[in-house]
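Visitor: next comes the sequence, and after it the predicted model I'd like to discuss.
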Amino acid sequence: LSTDRYRLAMRELTWNPTSPDMSAVALVRARTLSDVAKSLTSAGTVDMALASEAPAGLIGFESGGRRTTSLLVDGDYPPVRRLFPESTTTHAVVSTSALVEAARRVSLVAERNTPIRLSFTEGQVVLEAGQGDDAQASEALEATLTGEEITTAFNPHYLLDGLGALSTPFVRMSFTHPSKPAVMSGQRELEGEDNPEFRYLLMPIRFAG
């Protein structure tokens, strides 16, 4: 899990603990995990060790004869998992690559951090950026919609970050209300089920009108 005030990402992985009943929570600096992912994952598997009995706590990673050790961060992680809604009333499925390309094109005409508006109707989603006298951009994509039509807006960089983390051909965007956070997850087929291993919760931005 990782989070800031505007988004929350969760990825679930399988692991092989030395003891079947082992359970642990580790709060690790993001930069440490990023460095480990870049430098130690080429061997395919990574061995991880926790020294929780130490005063500050240590975590170690080893792979392919290389190893690194880091102090754990003190304190408790906020209970953010409960922010994911138990159920959603509306969801739309769009081609991941098409949505990435459209979001990039539309955001080019918007001032920095100007939100991208997404309007979902049956059969399509329309992306718009720019308000008032600012430069305008609009693009429509095919989309399947289950539930009521919905319009919301997101920070384009945060939206693209979430889409970039998906490895599936389609993205499912699930909603409870236009002003409530949306949940993004991957989907391998247009009419299939979503893959809950990776979920990305994104806070919407209020837009004029």
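Guide: Done, it's in. Numbers count the residues shown, from 1 in each chain.
Visitor: okay, CA-based contacts and neighbour counts for the rest of this
Guide: Noted.
Visitor: state the mean pLDDT of the helix or strand encompassing Ala153.
Guide: Here Ala153, judged by DSSP states H and E, is contained in strand 150-154. Mean per-residue pLDDT for strand 150-154: 95.
Visitor: in the very next helix or strand once past it, what's buried?
Guide: Next helix or strand after strand 150-154 toward the C-terminus (DSSP H and E): helix 156-164. Buried residues in helix 156-164, defined by neighbour count with 16 or more other CA atoms under 10 Å: Pro156, His157, Tyr158, Leu159, Leu160, Gly162, Leu163.
Visitor: give me the contact list for helix 156-164.
Guide: 7, 96, 100, 103-104, 107, 113-116, 171, 184, 200, 202 (CA atoms under 8 Å, 6 or more residues apart in numbering).
Visitor: just put those residues in CSV and tack on neighbour count and secondary structure.
Guide: Formatted as CSV, those follow (neighbours: other CA atoms under 10 Å; DSSP: H, G, I helix; E, B strand; the rest coil):
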residue, neighbour count, secondary structure
Arg7, 18, strand
Thr96, 19, helix
Val100, 17, helix
Ala103, 23, helix
Arg104, 15, helix
Ser107, 24, helix
Asn113, 12, coil
Thr114, 19, coil
Pro115, 25, coil
Ile116, 28, strand
Val171, 26, strand
Met184, 26, strand
Tyr200, 28, strand
Leu202, 22, strand
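Visitor: now Asp194: how far from Leu166?
Guide: Computed as CA to CA, to the nearest Å, the Asp194 to Leu166 distance reads 12 Å.
Visitor: number of residues surrounding the residue nearest to Arg29 when sequence neighbours are not counted?
Guide: Distance criterion CA to CA, 6 or more residues apart in numbering; nearest residue to Arg29, sequence neighbours excluded, is Val73 at 6.8 Å. A total of 14 residues lie near Val73 under the criterion other CA atoms under 10 Å.
Visitor: test my guess that Val73 contacts Val28.
Guide: Yes - judged on CA atoms under 8 Å, Val73 makes contact with Val28 at a distance of 5.7 Å.
Visitor: rewinding a little: now do the residue nearest to Arg29 against Met173, distance only.
Guide: For Val73 relative to Met173 (CA to CA), the value is 33 Å.
Visitor: hmm, back to that, wait, which of the buried residues of helix 156-164 is closest to Phe84?
Guide: Gly162 (15.2 Å; CA to CA).
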